[in-house]
Every structure is written in C-alpha cells, then in structure tokens.
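# fold the following and give me the result.
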Amino acid sequence: MEVAGDARRRREVETRILEKVGQVISEIKTAKNVEQLICALHSLALLLFPVDSSLILPTLDERFRDQLLNATIPSANERSEWWQVFYRGGGAAFPTFARVLLLDVASNWLACFPISAKKHVYDVFFVNGPPMEVVQILVPFLQYNGNGNAVDVNAVQSNTERFLVLCLLENHGVLQISREFGSSQRYGDFSKAQLQPVVSRVAQIVASIPDKARPRAPTSLSSHSFFRQITFQLLHGAQARDKNLADIEATSHNFDMNGMLLFVGETFSRICRRGASDVLLGELVPHVLGHIRSFSSSSIDSVMADLFESDVGSQFWLNIMGAIKDPYAFERISEQLLHQLSTERATDTETYWILWILFNRIFKNQPSVRSLFLDKFLLWKVFPFCCLRWIIQFAVFECPPVSNSLTKGCVTYGLLDTMQRLMAVWSKKEFVQSAPMEQQAYVTAAIGLCMEKISKEELEKSKDAMHSILQGVSFRLESPTYLIRKMASNIALVFSQVIDPKNPLYLDDSCIGETIDWEFGLSKPEKGTLSSHNHTEKHTDETKRLSTSQTEKDLNYSTNQGRGKSEKHESKKLSQFKLLDPDEIIDPATLNYGSASDKDEDEAASENSDSSSDSSLQPYDLTDDDTDLKRKLTQLVDVVGALRKSDDADGVERALDVAEKLVRASPDELTHIAGDLVRTLVQVRCSDLAVEGEEETAEEKRQRALVALLVSCPFQSLESLNKLLYSPNVDISQRIMILDVMTEAAQELADSKTMKPKHQSRALISTISESQAWFLPSSKGPPGAGFWKEVSETGTPLNYSNRYERELPLKPGQIRKGKMRRWSVRSANVLENQLEWTQNRFPVYSAAFMLPAMEGFDKKRHGVDLLGRDFIVLGKLIYMLGVCMRCVSMHPEASALAPSLLDMLRSREICHHKEAYVRRAVLFGASSVLVSLHPSFVASALSEGNLEVSMGLEWVRTWALDVAESDTDRECYTMAMSCLQLHAEMALQASRVLESGESSLKSKSIGVSSNLSIGTIKMPFSNVEY
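Down below sits the predicted model:
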C-alpha cells in the first residue's frame, strides 16, 4: 500500500510541476518587461531551491515587491520532493524549461537582468541542479546554429559556455557526477552491464566539451585546461572516497563494479582518445608518486607489497588501471606514464612500486597486459633507456631493485622466455635491414641488460639462444654502419663474459671497460644527433646544397678507418693539385727523400763539415753499408718492379713512398706505364707487407698514388680500373678502394685549376678590310709586341712616306737595365693577357668515369654480386656516380649523363633495395642529378618532347614522396624531403625559362611547338604542371 501511495503521490507532484512549468513559460512569452520575467522565474525557483527573496527586492519596482513577499514558501521536504521530480522525474519538465531559459531568455532578456536576479532566479536552475542532468542538456547547445529561428546564436553559445564553467569547474560538477555513480541510492541496484552504457554516455558528453566549444570560448574550456581540471577533481574525489571506506576487506570484484571507478576509468579513456594523455599523466603522476613516497620513507621493500594491499588509501591506485577497458587508452596511459616518470626523474625503486601498484594485479591476470609489457614495450616501442630498465625490472625480473640497480629475482623462467623472443627477432637479417636505427639500438640494449643477469647454465638451457646470438652478431658485423657494428660488439662482449668471464671478447676498442654503453650515445643530445658514420664528405654545391652530410659520411664508409689527424692533414695537402711549370727541370732522384727531417739535414751538414776538416776525422760506420747501397727509385718502371716483389717488404714500402711524387711529376713514360702501375697498386697487399701498426699509413700512400694517376693520366688509368672493378680477381675491399679513389680523383679534377690560351673570337670568313687602317704595317709579330706608332722624321723637310715603330719583347736571356721586371716560375714569353684560368677539368673525363662503371652493375659474376651480397659496393658505386654528377654541375656533360644515371637508379632492384645504405645512396644520386642539370636544359627537353628526361625527373618526385611517407629509416626520409625541395626548385627555375621563352616567341609572333605539352614537371604541393 505504501508503494502504491508513493507512486500516486509522485504522479500528482509531476502533474503540478508540469502545470507550474507551463504557466511560467507562458508568462515568459507574454512578459512586457524584465521585472515580470524575474517574478515568473522566482515563483518556480522558490518551489525548488531555498531562495533568499530579499536579495532580489532592491532590483524591482514597488509594484512587484509585494508579489515576491507574498509568495508561499514550501517546506524543506516538499522542496526536496519537487526538486527530485523536476530534474529526475523522467518527464519533460527540466529539458523543456531549460530550452526556454537557454534560447528565449538568454537571447532576449538576459542582458537586462540585474546581477543578483541573474544569479538567484536564472543561474540557480543550472548551478543547483544535478550536474549529470544539467551537462546532458547544456552540451548540445554549444553548437546551436539557430535552425532558422530569430535567436541570437552568439548569446546562446556564450551563455552555455558560462554555465559549463560554473557547473563543472567552479562547482566541481565532474566530481559530483563520479560520486553520484558511486552512491548506492540511485545506482546501487544496477549491475555492471546496466551501469556501463550510462557511464560511457556521460563520460563521452563530458569529454566532448572542448571539441564543441567555440574557438573564442573561455580558456578554461580549452582542451588542456579543461582536462587538467576534471582530472584533478576525479583524482582527489577518488582518494577521498578511499579514506572514507568502512569495509577495508572489499574485494577487487566489488571495486570493479563500483560506479565511481567505472566513470573515472571511462573518462580517462575518453581523454586519451582525444590526444590529451600527457595532460592526464601530468596530473596523475605527481599524485601516485607522492603516495609511493609516503610509504617508501618509512618502509622496507620486503613489506611494501603487503602494506599497499592492506592500505585503504591505496585501493584506488590498485584498481584504477583495471577500470580502463579501452585497449588504446590503456596503452597510451602506460606509455605516457613511463615518459612522465622519466621527466620527473623518479628513482628506480620509486618507479618499480608505481608500476607495481598500478599494474601488478592486471599484469598477473590479463595476458594482454603481459603481452603489452613483454612484447610491445620491448620490441616495437622505443623508450628512453631509463624506461627500458624499469620495464625489464618490473615485467621481466618481477622483483624490486636493490640500490636503484637492476636486480634479478628468484624466478628466472620469465627472463629466459623474454630473451629468447627478443633474440628471435634481433637475429633476423630483415630486422637489421628494415628496422629504424633507434629501434635496433633499443632491442639490443634490452637483450644486453637481460643477458648480463643470466648464467651460463641458464643460457645453455635456452633453446637456440646461442645460434641466434651468433647469427645476429655476424649479420651486424657485415653492416657498413658503425653503430650497428657496435651493437654486435657489445652483444658479443656480454655473451663472452657469460660463457667465460676471464676471457672477454673485445671486437671494438670502445667496449673496453667495466660497464657497457647500452645507450649508444642516442640519449645524449649535447653531443649532437645520432651519428653512425665515420668520414665527412667535403664536396658540396654551395648554391644548391643538399642537407645530407650525415648520409654522405655513411656512404663514405671505406676499409681504412681510424686515420690519425696528422695523416688526414697530410693527405689533404698532397691531394691538392699543384701547378707545375712545364719548362721546369726536375731531378727524379730528389723526389725520394724530399721530405727528410731537419735532423737528417743537420746530420748531413755535419758530416760534410767534418769531412772537410782533418782535425775532426770520425771512424766510418760499416753497419750502414746495406742501407746506403740500396738503389733509389727514380723511374716509374722501377716502382712497378718493386711493387711486384711481394717478398721484399722494404722495396714495396720505398716504392709506395715515392709513387705519388713520381706520378705528380708527369714524366714522359707515365702514359705508357699508367695501366700497369694502376693494376699493380690495386693488387698489392699493404696489410701483409707493412710493419705492424703502419698498415693504414701504407694504405693511405697507395690510395694517394692511385688518385695521382687518375688525375695525371685519366684515360689510361680509368681503363685499367674499370676492368678491375668487376674482375673476379679482386675482393670487396679492393672494389671499395677503387670506388673511393675514383671519387677523390673526380673531386680533385673538379677543384683543379689550369691555364689555357684565351679564346679570341675571330671571323669565320676573312675580309679585305682589316680592323686597322690600310696604311699601317701588319700587326703580325712575336707574342707580346706592342702597337704601331707613327714617328716623325728629322733632318729633311720632305717626307715621301710615314715611319712607324713598336716595342718588341726581350729575347731569352736579355735583361733590360733600369726597368722593373716581374719574376715568375713560368717562361717569360707566356703573357697573362694571352692566357686564362680555367676550373674543373673533370667534365672532359666524366663519361670515362661513369659509363663503364654503370655498364655491368646488375650482372652476377663469379665473386661479384652487387645487387645481393655486395650491397656495400653497390652503395659506394652509386655514391661515386652522384659525386661525378655534382662535379659536372651546370656543364653540358651533365645533360648527357643524367638520363643514363636516372635509368640505373629507377631499376626496382636498386631504388627498392632492402638495405637502407643503398637507398640513401640512391637518394644522394637522384639529388645530385637535380643539382647538376641546368634549368635551360630541362626546359628545352620538355619543349622538345624528350620523354626520357621528363619521365626520369617525374620518377624522382614520386619515388621521393613514397620514401618520405613510408621508409622506416630516418635518414632516408630526411634525404627524401631534401630531394623534394631540390625538385621543386628545379621545376620552378625550368618553368621560368619556359615562360620567358613563350613570351619571347609570342612577341615575335612565332608559333610554339605542339611537343611542348608532351613532357611535364609537377611541382610538389601544387596543382600546376609545366
């Protein structure tokens, strides 16, 4: 009977409320002034809220004050009953009335409201209402567009934003919503399945507010500020609720069913889905870190777990991650948590207990969480090194650290399983080829940290672990990248320490020491960006420079690394081409010991002075006879003979010492012996013949001699080198050396200067009339003769002819006294006004450098497999071709060689090569083509319908776009963006040439060829085609 009476009572109240709401809405519609409107709102507000009417009276006229004072005030129970029915009765009372308040009143009357009346009879309907119902009414009006009604849309939206700030932020409305979900009065009988849709809908509405707010909305509704404030409310409210729990024996299941926890977890998920996980963790980490520190200051690690389980204030942290059901949000929160802890500089112990209190329960019970930590966070994500150590300590070792260092737990099966999974991926060749450098370093560090804590017996029990380690190390030692080889060295060192601690295996000098650098220099920005290369490429075009210096270093990888600074400086000096006077007489014998030290010269001078004095005779040292009797090498034929005597190490060394100087002297025999000398220098084994520790010096001398041969006698030397490049009788190191020598020689030829006769334009058809008067004598004469001048005769008054004189140059050996002369190493009869300096001798030899090398790159021969095993040689070859293209930049030879090079680079086996080393070389080569082509050539190729050039340039653009979007190597997509920039600049310059050509043709009324539209160049980020 009581239930039936309550229901009847409720229906009666609903009827009365609906009648009252209808009456107030009618009065609002018919109000003539703002006082009538205030009185109508006051009559309904008095039934729902404890309104103090005295605060409104001063704002009204005398005729309306009696109406407010004579209003009937309901009791507290009646007011509560009316409030419940008005907001939560399930009818249309509040939604209908709120629509009138937000549209009609806000648009037409709200600006006229006094401040006190606005607060007590208008704002009160939203501020004092239940936030859950209020927010569901307000949020749709953030994007209200009028729907064709005569409503001030701006006033409606700004008023709605004001209410959201008041209700949710200033009055902590989100906290009230979470408490309402956690209360048993309304949702106590709801099951999890019934409660979840309601929680998801409300959380979705709350989280969507920043997205729906206007750009000029209050800053507190911006994404960062709004999410930070509601996160702060939820964290404080949840922790306060934990402290007030009476039943501390509540199980995990009861907390999972708790509506408050569900709402917090769902709201956090929605925040992460909107890209604000950093804001969320910015509030969460200080709270949980402070909670952990409050325990760690007075507890020991062995009892920390029991303290957290029994502590009432820790129940929220123990269950919050279990309340987040969205896998994406869970992963983003976990990932951002580690990054935030790294920023907060938390210790290893603090971080372990933070991970434990948040993830321990679900880590043990949910396989997806274990997979997230043990697979995704160790294999496919890249965290800072400190985060990697935290992940391994929590998920692999599963025990707290000791003294903030990695500590192995009692249970080791997880360690072995994890290391086997990591090794299975790390040892694959595809991982070495395709994985980014940061990921490879990250996985290598994870394996190394795990292996440091494993024993020899445990390693022997693991399945295929040793085979995977050896396979992964061997693959990485073959890489041209120093950083990848260092990874192999570190793993090999740790592996050897596990097998035999007394005999560690050092494959790299940098590994020597007690600790191993598992960061590989990647987390030290003060030392610069990631650098996995060894040498710097010097030749760049200053006007169109490609920002690929790191890649050029990598591509400049060669077999002779670790040269000293003095050797590099000496190499730079000797590699510069020095002009020699062709008339100068050189004694080849002086070239052998021209670089003797001052000490030797002083000793020689002392011996001469001693020998001239009878009083200072010294005994002759017969032990030096063998050294003195050694024949000095003064001819290139002798050098070749000495180099071929592999059993005479001293003779080979002396031949290498003088080879470059003899070649630079350009003797007459050079052209005849250049081929034999090149083959002999390539085939000599410096490492076998040189003294231990001086192998690099001998190798340096050999390379300098080869460079000198290519510069002094290009055609004959290139003929031999091109045959040796693909010969089965040379190994990979020799092929790399050949390409390095060709690269250096091309750069030296491009940088060299020569003097040639100045070109003087002359008429192709001789004419009778000359440039000077007919009566003057002929201008023919010896070089350097002056101009004819008329001289007046003296002594006779009659002159039947004119007399002319001119100055002639001095004869060889003749000296004019009293005159200033210019001294030079060149002959006196060579005058500067008849000679000119020319730079870049390389274009003449460019075809001989490039075409033979490109001819057979894709053929697999005995010992030669450039597309497969010998990818380093392929990368060096492409790099050499790119350098050659840059050396002929803006020359006609570039336009002739560019199509062939582009055709080579377009082949699928090259541009889509598995090795990033080759792809970087291809990008460098394509960029070099763009730099070297003159815009006028590109324009003429397009106007003439040269499809080979236009299709090649279009391929560069499309392929570079594909690399920039999909390549996993960081340097590859960086170079691709630079390549696109060069392509855009080239297209712009070519389009200007075309436009100027078209305008000149139109001004002369000349028709443009129809082939102009055959070739096109697309400019990136534009729809314009040329």
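
# where does pLDDT dip in the stretch 51-200 of the chain?
148, 184-189 (pLDDT under 70).

# just the element for residue 790, please.
Counting by DSSP states H and E, the element that carries residue 790 is strand 789-791.

# got a list of what residue 129 touches?
Shown in contact with residue 129 (CB atoms under 8 Å, 6 or more residues apart in numbering): 87, 94, 167. The C-beta positions use only the backbone N, C-alpha and C, and glycine is treated the same way.

# which one of those residues sits closest to residue 58?
Closest approach to residue 58 among the contacts of residue 129 (CB to CB): residue 167, at 27.0 Å.

# need the contact list for the closest residue to the closest one other than its chain neighbours.
Residue nearest to residue 167 in three dimensions, not counting chain neighbours: residue 173, with 4.5 Å by CB to CB, 6 or more residues apart in numbering. Counting by CB under 8 Å, 6+ apart, residue 173 makes contact with 131, 134, 135, 167.

# residues contacting residue 175?
By CB under 8 Å, 6+ apart, the contact list for residue 175 reads 233, 234, 236, 237.

# which residues sit in contact with the nearest residue to the second one once chain neighbours are set aside?
This points to residue 234. Nearest residue to residue 234 in three dimensions, chain neighbours excluded: residue 264, at 5.0 Å (CB to CB, 6+ apart). Neighbouring residues of residue 264 by CB under 8 Å, 6+ apart: 178, 234, 238, 320, 323.

# does residue 215 sit in a helix, a strand or a coil?
Recorded secondary structure, residue 215: coil (DSSP: H, G, I helix; E, B strand; the rest coil).

# I'd like to know how many residues surround it.
5 (other CB atoms under 10 Å).

# now find how far off-centre the helix or strand where residue 228 lies is within its chain.
Element membership of residue 228, judged by DSSP H and E, is helix 223-243. Per CA atoms, centre = their mean, to the nearest Å, the displacement of helix 223-243 from the mean C-alpha position of its chain is 37 Å.

# also stretch 407-425?
Using CA atoms, centre = their mean, the offset of stretch 407-425 from its chain centre is 32 Å.

# identify all contacting residues around that stretch.
Counting by CB under 8 Å, 6+ apart, 374-375, 378-379, 393, 395-401, 431, 443, 446-447, 450-451, 453-454, 458, 461-465, 468-469, 472 sit against stretch 407-425.

# tell me the confidence at residue 394?
pLDDT recorded at residue 394 is 93.

# helix/strand/coil for residue 351?
Under three-state DSSP, residue 351 comes out as helix.

# is it true that it touches residue 390?
Yes - using CB atoms under 8 Å, residue 351 is in contact with residue 390, at 4.7 Å.

# quickly list what's touching both of those two.
residue 341.

# ok, residue 289 - contacts?
Contacts of residue 289 by CB under 8 Å, 6+ apart are 341, 344, 346, 350, 354.

# swap that for residue 330, sorry
Shown in contact with residue 330 (CB under 8 Å, 6+ apart): 269, 321, 324, 369, 372.

# and the longest helix along the chain, what's buried?
Counting residues, the longest helix in the chain under DSSP state H turns out to be helix 970-1003. Going by neighbour count (16 or more other CB atoms under 10 Å), the buried part of helix 970-1003 is 971-976, 978-984, 986-987, 989-991, 993-994, 997.

# now that helix, how far from the chain's geometric center?
25 Å.

# tell me which strands and helices that helix is in contact with?
helix 549-555, helix 916-932, helix 935-943, helix 947-966 (3 or more CB pairs under 8 Å, 6 or more residues apart in numbering; DSSP states H and E).

# looking at these, which is buried most?
helix 916-932 (a mean of 27; mean count of other CB atoms under 10 Å).

# from the contact counts, what lies against it?
helix 549-555, helix 871-887, helix 892-906, helix 908-911, helix 947-966, helix 970-1003.

# for residue 119, give its distance to residue 59.
Per CB to CB, to the nearest Å, residue 119 is found 11 Å from residue 59.

# what of residue 284?
Where residue 59 is concerned, residue 284 sits at a distance of 46 Å (CB to CB).

# quick one: which of the two has more around it?
residue 284 (23 against 17).

# residue contacts, the more buried one?
Shown in contact with residue 284 (CB under 8 Å, 6+ apart): 231, 235, 337.

# try 7 Å
231, 235 (CB atoms under 7 Å, 6 or more residues apart in numbering).

# check residue 200 too.
Contact analysis of residue 200 by CB under 7 Å, 6+ apart lists residue 266.

# count of neighbours near the residue nearest to residue 235 when sequence neighbours are not counted?
Counting by CB to CB, 6+ apart, residue 235 lies nearest to residue 287, which is 5.2 Å off, once chain neighbours are set aside. Burial of residue 287 is recorded as 17 neighbouring residues (other CB under 10 Å).

# in which helix or strand does residue 287 reside?
Assigned by DSSP H and E, residue 287 falls in helix 277-296.

# mind exporting the following helix or strand past that helix as CSV, just the C-alpha atoms?
As assigned by DSSP H and E, the chain's next helix or strand after helix 277-296 is helix 301-310. The C-alpha trace of helix 301-310 is given here as CSV (Å, rounded to 0.1, in the frame of the first residue of the first chain):
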residue,chain,number,x,y,z
ASP,A,301,60.9,-3.2,0.2
SER,A,302,60.1,-6.6,1.5
VAL,A,303,56.9,-5.5,3.1
MET,A,304,55.8,-2.8,0.7
ALA,A,305,53.5,-5.0,-1.2
ASP,A,306,51.6,-6.1,1.9
LEU,A,307,51.3,-2.5,3.0
PHE,A,308,49.8,-1.4,-0.3
GLU,A,309,47.3,-4.3,-0.3
SER,A,310,46.1,-3.6,3.2
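
# and the two most separated of the contacts of residue 289?
So, the contacts of residue 289 by CB to CB: farthest apart are 344 and 354, at 10.0 Å.

# counting neighbours, go ahead and name the busier of those two.
residue 354 (23 against 13).

# pretty sure the more buried one sits against residue 293.
No - checked against CB atoms under 7 Å, the pair residue 354 and residue 293 is beyond contact range at 10.0 Å.

# can you count the residues close to the closest residue to residue 207 other than its chain neighbours?
Closest residue in space to residue 207, ignoring its immediate chain neighbours: residue 270 at 3.5 Å, by CB to CB, 6+ apart. When neighbours are counted by other CB under 10 Å, residue 270 registers 20.

# quick one: contacts for residue 88?
130, 133.

# what separates it from residue 63, distance-wise?
Residue 88 is 37 Å from residue 63, by CB to CB.

# so the nearest residue to residue 636 once chain neighbours are set aside, which state does it fall into?
Of all residues not flanking residue 636 in the chain, residue 673 sits nearest, at 5.1 Å (CB to CB, 6+ apart). At residue 673 the chain is in helix, as set by three-state DSSP.
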